[in-house]
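> Structure, please.
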Amino acid sequence: MHGVAVLQDLYSRVGPTVRRAVRGLDDAALTRRLDPGANTIAWLAWHIGRDQDVQVAAAVGRPQVWTAGGWDERFDVPFGPDDTGYGHTPEDVARVVAPAALLLGYVDAVHAESLDVLAGLADADLDAVVDRAWDPPVTLGVRLVSVAVDSLQHAAQIAYVRGVLEREA
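Here you go, the predicted structure:
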């Protein structure tokens, strides 16, 4: 198996993992916090989409699904077009209120875009430097792995919160 094929397999797991964790939840569950400072399921799902969207688009020079697909107009959030949720306060987290269908629609659209990006890559492309702000500079391969790992970590957090909420019900 080559590098791009491994990344395709890795990214193909993100969307379905998020979908399983979010599917069927009502608005109350999506915005419930296990602790006053904790992230909500709605925020986590939104953040998965935003982080993957912003970082993959920037790494390969494509437009974000968020703006190109009109998702920025469907979500009622007061954040800028490059905001991924990094550094959000508990008050910012509370501003992400959206039904499961909208959250999953966006995650699915980003998922499809990421897989399309990967389908257009060759293994040699993974060595291209996409961010010189780090030492060592970040290659496309490293960035894509980092984004996928972050997405799956947050998907696991959603599954955990869902499990806690179901036990409390």
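
> can you tell me the helix or strand for the most centrally placed residue in the chain?
The residue lying closest to the centre of the chain (CA atoms, centre = their mean) is Ile48, at 1.8 Å. Using DSSP states H and E, Ile48 maps to helix 41-60.

> residue ranges of the helices in this structure, please?
Under the criterion DSSP state H, helices of the chain are mapped to 3-11, 14-22, 27-31, 41-60, 65-68, 71-74, 90-94, 100-119, 140-168.

> buried sites along the helix holding Ile48?
Going by neighbour count (16 or more other CB atoms under 10 Å), the buried part of helix 41-60 is 41-57, 59-60. Quick note: C-beta positions are derived from backbone N, CA and C, even for glycine.

> cool, stretch 81-89 as well?
Per 16+ other CB under 10 Å, stretch 81-89 contains these buried residues: Asp83, Thr84, Gly85, His88.

> quick one on the thing from earlier: what would the helices of the chain look like in CSV with mean pLDDT?
Shown next, in CSV, are the helices of the chain (pLDDT from 0 to 100):
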stretch, mean pLDDT
helix 3-11, 97
helix 14-22, 95
helix 27-31, 97
helix 41-60, 97
helix 65-68, 98
helix 71-74, 96
helix 90-94, 97
helix 100-119, 98
helix 140-168, 96
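
> Dump those helices to TSV, plus distance to Trp134.
Output for the helices of the chain, formatted as TSV (distance: least, CB to CB, whole Å):
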stretch	distance to Trp134
helix 3-11	20
helix 14-22	23
helix 27-31	34
helix 41-60	13
helix 65-68	24
helix 71-74	28
helix 90-94	26
helix 100-119	21
helix 140-168	9
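
> Show me the one of the ones you listed that comes nearest Asp127.
If you check each of those against Asp127 by CB to CB, helix 140-168 wins as the nearest, at 6.7 Å.

> got the contact list for the closest residue to Asp150 other than its chain neighbours?
Spatial nearest neighbour of Asp150, excluding adjacent residues (CB to CB, 6 or more residues apart in numbering): Asp51 at 6.0 Å. With contact taken as CB atoms under 8 Å, 6 or more residues apart in numbering, Asp51 is in contact with Thr84, Gly85, Tyr86, Val147, Asp150, Ser151.

> and with 7 Å instead?
Asp51 sits next to Thr84, Gly85, Val147, Asp150, Ser151 when contact means CB atoms under 7 Å, 6 or more residues apart in numbering.

> Return the closest of those with respect to Ala112.
Distance to Ala112, by CB to CB, is smallest for Ser151 among these, at 14.1 Å.

> show me the contacts for that closest one.
Ser151 touches Val14, Ile48, Asp51, Gln52, counting by CB under 7 Å, 6+ apart.
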